[in-house]
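Participant: the sequence and its predicted three-dimensional model are supplied below.
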Amino acid sequence: MPLAEEIRRECIIRIGTGQLNRAMAEATTKHQPPVIKRRRAKFYYLTQADEDPPMFVFFVNDADLVPDAYGKYLENQLRKLLGIKKAPLAAVFRSSHEKKSRSACSKRVRRGLAARVATWTAPQGSTRPRLRARPRLRARPRRDPRRRLRGRRVDFA
């Protein structure tokens with residue numbers, strides 16, 4: 001029965017968000033999250049969601065960037081830093097922002113640089129399209145290159 005009592009004591013533990021955030025900061029500075037697809041998970045904060053068994057929620061920029069091995073590392077670091085040895089512990093990684101939809105990205109590409117640089121057009125009387133550059137619109141007229149030399153004595157002859 002002493003084992004069951006010890007597990008019960010560890011299960012009903014309640015830890016403040018400040019202490020959890022310090023533990024998370026210490027764990028992530030020891031071993032940074034890995035880079036996945038040229039992006040690294042950014043941890044915002046950690047909170048305890050439930051007590052029996054203890055469930056901790058990590059808020060990150062993208063939960064898909066946290067691999068299982070790094071999640072297990074964080075769980076073990078929490079166990080070590082908070083003194084939870086035998087009780088079951090649940091670690092959940094939650095994205096704090098919604099991902100952009102693919103349709104929003106495709107709209108940005110259609111309206112972006114690719115749409116302004118060139119268009120496919122078919123010459124009159126031809127069915128074969130060809131790539132034709134469109135003129136770029138300038139927001140303001142070009143400045144005179146000599147303008148930046150104002151105040152200096154330079155002879156343009």
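Facilitator: Looks like it came in fine.
Participant: make it CA atoms for all contacts and neighbour counts henceforth
Facilitator: Fine.
Participant: now for the longest strand along the chain, which elements pack on it?
Facilitator: Across the chain, the longest stretch assigned as strand under DSSP state E is strand 43-50. Strand 43-50 sits against helix 17-30, strand 55-60, with contacts defined as 3 or more Cα pairs under 8 Å, 6 or more residues apart in numbering; DSSP states H and E.
Participant: angle of it against helix 17-30?
Facilitator: 130 degrees (axes from the mean of the first three to the mean of the last three Cα atoms, to 10 degrees).
Participant: which outside residues touch strand 43-50?
Facilitator: By Cα atoms under 8 Å, 6 or more residues apart in numbering, the residues outside strand 43-50 that reach it are 14-17, 20-21, 24, 54-61.
Participant: again, but for stretch 70-85
Facilitator: For stretch 70-85, contacts defined as Cα under 8 Å, 6+ apart pick out 10, 23-24, 27, 33-34, 89-91.
Participant: swap in stretch 18-25?
Facilitator: Counting by Cα under 8 Å, 6+ apart, residues outside stretch 18-25 touching it are 45-47, 74, 78, 81.
Participant: three-state assignment of Leu3?
Facilitator: Of the three states, Leu3 takes helix according to DSSP: H, G, I helix; E, B strand; the rest coil.
Participant: roughly how far does it sit from Asn21?
Facilitator: For Leu3, the distance to Asn21 equals 29 Å [Cα to Cα, to the nearest Å].
Participant: more crowded one of those two?
Facilitator: A count of neighbours by other Cα atoms under 10 Å puts Asn21 above the other of Leu3 and Asn21, at 17 against 9.
Participant: distance of the more buried one from Tyr45?
Facilitator: 6 Å.
Participant: show me where this protein has its strands.
Facilitator: Using DSSP E, the strands of the chain run over residues 35-36, 39-40, 43-50, 55-60, 90-95, 118-121, 130-133.
Participant: pLDDT averaged over the longest one, what's the number?
Facilitator: Across strand 43-50, pLDDT averages out at 89.
Participant: mind listing what's buried in it?
Facilitator: 43, 45-49 (16 or more other Cα atoms under 10 Å).
Participant: if we only consider those, which is nearest to Ala69?
Facilitator: Among the buried residues of strand 43-50, Phe43 lies closest to Ala69 (Cα to Cα), at 15.9 Å.
Participant: given the longest strand of the chain, what are its sheet partners and their directions?
Facilitator: Take DSSP bridges as the rule and strand 43-50 pairs in its sheet with strand 55-60 (antiparallel).
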